[in-house]
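# Whatever this is, show me its structure:
(2 chains)
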Amino acid sequence: TQLLEQSPQFLSIQEGENLTVYCNSSSVFSSLQWYRQEPGEGPVLLVTVVTGGEVKKLKRLTFQFGDARKDSSLHITAAQPGDTGLYLCAGGSNYKLTFGKGTLLTVNP
Amino acid sequence: GAVVSQHPSWVICKSGTSVKIECRSLDFQATTMFWYRQFPKQSLMLMATSNEGSKATYEQGVEKDKFLINHASLTLSTLTVTSAHPEDSSFYICSARMDPINSPLHFGNGTRLTVT
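Just a heads-up that it's a prediction; the model follows:
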């Protein structure tokens, strides 16, 4: 079974601060996805990374896939209250995704 | 963009009754649909994978006779929780994917089930 460990589990910061959350595994993934989920809703895909060492930017969010394709990070610059949510990483080596437990981010105004 | 609709968004039922949850792909044909369960502040746990026209594949530890899945068309999959008990109370989410296999997943907004 492929496991994804996310850290930190909880993060509470002030508006304007920067933060990084991590997604680590002992397994190699062909691709890794990041989702954000708000309470009472389904996850929304933010990005998919495929190539080892790949860096993708989505406005204030920067995603990086490790060279060995076993880990990934999400960095948010100048966090805003609207960034609040559960951030999930998910890896897939076949047609099935394995989800991490998520990082619950709260950005206080 | 691809939209997946789940219905109902919340349901309360009495212990011992059955509840059906629908997952529809509104603007694409979903070859494969996935059903997840999510407990508060926890991640999504895959329950089963359903392919149109064939039997669902259940994950280890998920009772197929309790969680009945039907994927009768390319736009609709249903999950029926039979003889529900309070411990079945959870947030149930579906996702759908079109061909090919590496197509992105599109998630529904989930169904909050409360069994009293």
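
# Need the per-residue pLDDT for the closest residue to residue B:13 other than its chain neighbours.
In this structure, residue B:13 finds its nearest non-sequential neighbour in residue B:19, 5.1 Å apart by CB to CB, 6 or more residues apart in numbering or on different chains. Glycine gets a C-beta too; all of them are placed from N, C-alpha and C. At residue B:19, the model reports a pLDDT of 97.

# For burial, what's the neighbour tally of residue B:19?
Neighbours of residue B:19 under the rule other CB atoms under 10 Å in any protein chain shown: 19.

# could you pull out the helices for the chain?
Using chain A here. Here chain A has no helices by DSSP state H.

# Now the nearest residue to residue B:7 once chain neighbours are set aside. Its backbone dihedrals?
Setting aside the residues directly before and after it, residue B:7 is nearest to residue B:22 in space (CB to CB, 6+ apart), at 4.8 Å. Dihedral pair for residue B:22: phi -110, psi 140, per degrees, to the nearest 10.

# hang on, residue B:22 packs against residue B:9?
No - under the criterion of CB atoms under 8 Å, residue B:22 is not in contact with residue B:9, lying 11.0 Å apart.

# Pull the contacting residues for the one residue in chain A that gets nearest to chain B.
Chain B sits closest to residue A:42 of chain A, with a gap of 3.5 Å, by CB to the nearest CB. Taking CB atoms under 8 Å, 6 or more residues apart in numbering or on different chains as the criterion, residue A:42 is in contact with B:4, B:6, B:93, B:95, B:107-110.

# still on that earlier bit, can you spell out which residues form a bridge with the residue nearest to residue B:7?
residue B:7, residue B:78 (DSSP bridges).

# Enumerate the residues of chain B near chain A.
For chain B, the residues in contact with chain A (CB under 8 Å from any CB of the partner chain) are B:4, B:6, B:9, B:32, B:34, B:41-46, B:49, B:91, B:93, B:95, B:97, B:101-102, B:104-105, B:107-110, B:112.

# Buried among these? Make that a PyMOL selection.
Restricted to buried positions by 16 or more other CB atoms under 10 Å in any protein chain shown, the PyMOL selection for the residues of chain B next to chain A reads:
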select buried, chain B and resi 4+6+32+34+43+44+45+46+49+91+93+95+97+105+107+108+109+110
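
# Any idea what residue B:45 is bridged to?
Bridge pairing for residue B:45 - DSSP bridges - gives residue B:37.

# does stretch A:18-27 come close to chain B?
No - using CB under 8 Å from any CB, stretch A:18-27 stays clear of chain B, coming no nearer than 11.4 Å.

# Please save the CA atoms from that stretch in CSV.
The C-alpha trace of stretch A:18-27 is given here as CSV (Å, rounded to 0.1, in the frame of the first residue of the first chain):
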residue,chain,number,x,y,z
ASN,A,18,4.1,32.6,3.9
LEU,A,19,3.8,28.9,4.5
THR,A,20,4.9,25.6,3.2
VAL,A,21,3.2,22.2,3.5
TYR,A,22,4.7,18.9,2.7
CYS,A,23,3.7,15.6,1.2
ASN,A,24,6.1,12.7,1.6
SER,A,25,6.1,9.0,0.7
SER,A,26,8.5,6.1,0.6
SER,A,27,7.0,5.2,-2.8
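
# Show me what counts as buried in that stretch.
Applying 16+ other CB under 10 Å to stretch A:18-27 flags A:19, A:21-25 as buried.
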